[in-house]
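Chemist: The sequence and its predicted three-dimensional model are supplied below.
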Amino acid sequence: MQALQLGNFRSYRETLVEFLPGVNILIGSNGQGKTNVVEAIYYLATLNSHRVASESPLVTAGETSAVIRARVNEHDRAVAIDLEITPGKTNRGKINRSPLPRVRDILGIVRVIMFAPEDLALVKGDPSERRSFLDQTLIQRAPRYMGLKSDYEKVLRQRNALLKSTQRENIDSTLDVWNEQLARIGAEIAHTRIQFIRDLTPFIHNRYHSISGGENAVSTSKISLAYQSKYLFDHNIDLLTEEEIRIAILEELTVRRKEELTRGITLVGPHRDELFIGLGDLPLKGYASHGESWSAALALRVASADVLRADGIEPILILDDVFAELDVMRRATILELTENAPQVFITAAVESDIPEELGGARFFVSLGSVVPIMEDQPHE
């Protein structure tokens, strides 16, 4: 990320910031706009915010759209990205000033892994938080997954509309058509998630062991991951083919057809699946201490970066206000990651939150401005 320009994005009417390779640290009091900057970078990589589900909060109050522009390096060439966010309408994107047929064609140019205080929801929150973790990381791993997810959501909306319909004359034959599509796309999503969990597991074992204290840890419980799905309950999930998952979804849709028609909603598919996180013999959610939860959440993010690197992808690391939350051992894990990362963005309310051994460029953030800090320049 060489430069980032924001127009009517959150608190920024108009700002342009030029960044350096390596570590870039954004310092400023809470509410001044530090997270807005890294949120814009994250949005370029995922077409999602890590903070809100709706796009409306991304646009400055009173405006109809926001613009994110960036200049990045991709395979040793400069690439200009333009993204216009218009809530309620179709967003538009350009690469090197050429309009894109689909905004999701931007995906894959910027790859990120973000760490934020909200990551505790990965362990303590609803299943939707863990599904989102899987899906957003898979988009970083293989951008085409975004199209797959979008196709599934369209089928799901159409099928739910049919289930709610009061016109039931030909519903069986029509429902069968949507069942086939739901099962086909849903099986690919579930299979892709299962493969990712399999690839993630050895990395998270090592990372959790290290983060929680290694050989000196108070608890020696091992972390575990598993894909949970009611329609795959009787199967050895790790060995299933995509076709076997498709058949299992169709069979479960047949079993639950009456219930779905009564409730008017689709009850079968990857939109209702879960990433189970265990610690020893117990589920981590509801049983883990605060420290164990933090260690697990951090291990998930760090292990995700490990998977991308194993694929030959070097993601940008975003550390949004996390150092104030981490003890010395967990800080050491994050510092290890930053050493080899091509670029890192860190936000902090006060400079003392940043580990002393971490160098890099520093920027002072106040409402509507991001100003580079010279080494001899005083700042608040």
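Modeler: Noted; the coordinates are in hand. Note that the structure is a prediction, hence the values are computed from the model and not measured.
Chemist: So the residue nearest the centre of the chain: helix, strand or coil?
Modeler: Residue closest to the average C-alpha location in the chain (C-alpha atoms, centre = their mean): Q136, at 3.6 Å. Under DSSP: H, G, I helix; E, B strand; the rest coil, the three-state class of Q136 is helix.
Chemist: Offset the numbering so it begins at 663, please.
Modeler: Got it, first residue is 663 now, which makes that one Q798.
Chemist: Just to be sure, I743 is in a strand?
Modeler: Yes - judged by three-state DSSP, I743 forms part of a strand.
Chemist: where do the helices sit along the chain?
Modeler: 696-708, 783-786, 789-803, 806-826, 833-873, 904-917, 919-925, 952-972, 990-1002 (DSSP state H).
Chemist: would a markdown table of those with mean pLDDT be doable?
Modeler: Output for those, formatted as a markdown table (pLDDT from 0 to 100):
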| stretch | mean pLDDT |
| --- | --- |
| helix 696-708 | 95 |
| helix 783-786 | 91 |
| helix 789-803 | 94 |
| helix 806-826 | 95 |
| helix 833-873 | 94 |
| helix 904-917 | 96 |
| helix 919-925 | 93 |
| helix 952-972 | 91 |
| helix 990-1002 | 78 |
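Chemist: For L668, find the nearest of these.
Modeler: helix 696-708 (5.8 Å; C-beta to C-beta). Bear in mind the C-beta positions are built from the backbone N, C-alpha and C, glycine included.
Chemist: Okay, R934 and P945: tell me how far apart.
Modeler: Distance, R934 to P945, by C-beta to C-beta, to the nearest Å: 18 Å.
Chemist: re the thing from before, my guess is the residue nearest to the centre of the chain contacts N710. True?
Modeler: Yes - if you go by C-beta atoms under 8 Å, Q798 and N710 touch, sitting 6.4 Å apart.
Chemist: okay, the helices of the chain, which one's buried deepest?
Modeler: Highest mean neighbour count of the helices of the chain: helix 696-708, a mean of 24 (counted as mean count of other C-beta atoms under 10 Å).
Chemist: Not counting its neighbours along the chain, what's nearest L946?
Modeler: Nearest residue to L946 in three dimensions, chain neighbours excluded: I939, at 4.4 Å (C-beta to C-beta, 6 or more residues apart in numbering).
Chemist: what is that neighbour paired to in the beta sheet?
Modeler: Counting by DSSP bridges, I939 forms beta bridges with L887.
Chemist: returning to what we had before: could you check how far the residue nearest to the centre of the chain is from A1003?
Modeler: Distance from Q798 to A1003, by C-beta to C-beta: 18 Å.
Chemist: likewise K786?
Modeler: Where A1003 is concerned, K786 sits at a distance of 27 Å (C-beta to C-beta).
Chemist: Repeat that for V1033.
Modeler: 24 Å.
Chemist: Show me which of these two is the more surrounded one.
Modeler: A1003 (18 against 15; other C-beta atoms under 10 Å).
Chemist: So that one sits against L979, correct?
Modeler: Yes - here A1003 reaches L979: they are 4.8 Å apart, a contact under C-beta under 8 Å.
Chemist: P789: what's it in contact with?
Modeler: By C-beta atoms under 8 Å, 6 or more residues apart in numbering, the contact list for P789 reads R934, D935, E936, L937.
Chemist: Just the pLDDT at the last one, thanks.
Modeler: You'll see L937 listed with a pLDDT of 96.
Chemist: domains in this protein, as residue ranges please.
Modeler: Domain assignment for the chain by automatic domain parsing gives 663-773+976-1042, 784-974.
Chemist: before we move on, the earlier item: got the contact list for the residue nearest to L946?
Modeler: Shown in contact with I939 (C-beta under 8 Å, 6+ apart): L784, V785, R792, I885, S886, L887, P945, L946, K947, A958, L962.
Chemist: Just the closest of the residues you listed to R971, please.
Modeler: L962 (15.2 Å).
Chemist: ok, and the closest non-adjacent residue to that closest one?
Modeler: That would be L784: by C-beta to C-beta, 6+ apart, it lies 5.7 Å from L962.
Chemist: pretty sure that neighbour contacts E791?
Modeler: Yes - taking C-beta under 8 Å as the definition, L784 is a contact partner of E791 at 5.8 Å.
Chemist: Going by neighbour count, which residues in stretch 714-728 are buried?
Modeler: E717, L720, V721, T722, S727, A728 (16 or more other C-beta atoms under 10 Å).
Chemist: Please consider this matter closed, and thank you.
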